[in-house]
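Q: here's a sequence, model it:
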Amino acid sequence: MDPERLSEFNISDVVTSTAGRDQGSLFYVIGTDGEFLMLANGKDRTLEKPKKKRRKHIKKVLRSETRVAAKLIQGDKVLNSELRRDLAYFSREMQANNLGG
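A: Purely as a prediction, here's the structure:
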């Protein structure tokens, strides 16, 4: 696999799953492990039990510039409720943009 593909995801990116039963769900990237990404959404996939998913089954939605993203990058404590709130906001924004245009 080429190195550009491996570096395309960063901690704190907001991504969506493209395969599996969680297809279409939004997640924060909270870690990387070679070919796999560690994903959390604060609900069914918490920070304590992240989802391990192959990079090829993930699509980047956006590079988050929120307070939660800054905490993830710095390694500060993040609460599952913060992840849920941010991802719900992104989901609403995406739906509004898709319906509006």
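Q: for this protein, which helix is longest?
A: helix 80-100 (DSSP state H).
Q: roughly how far does the nearest residue to N80 once chain neighbours are set aside sit from S81?
A: Excluding the flanking residues, the one nearest N80 by CB to CB, 6 or more residues apart in numbering is G42, at 3.7 Å. C-beta here means a position set from N, CA and C on the backbone, and glycine is covered the same way. Note on G42: its distance to S81, by CB to CB, to the nearest Å, is 6 Å.
Q: same thing with K53?
A: Separation of K53 from S81 (CB to CB) stands at 22 Å.
Q: ok, Y89 next?
A: Distance from Y89 to S81, by CB to CB: 13 Å.
Q: what does S12 give?
A: With distances taken as CB to CB, S12 is found 17 Å from S81.
Q: more neighbours: which of those two?
A: Taking neighbours as other CB atoms under 10 Å, S12 and S81 compare with S12 leading, 20 against 10.
Q: show me where the protein has its strands.
A: Ranges of strands within the chain are 13-17, 26-33, 36-40, 51-54, 58-63, based on DSSP state E.
Q: confidence-wise, which of those strands is weakest overall?
A: Mean pLDDT values for the strands of the chain show the minimum at strand 58-63, a mean of 87.
Q: what lines up beside that strand in the sheet?
A: Applying DSSP bridges, strand 58-63 is found paired with strand 13-17 (antiparallel).
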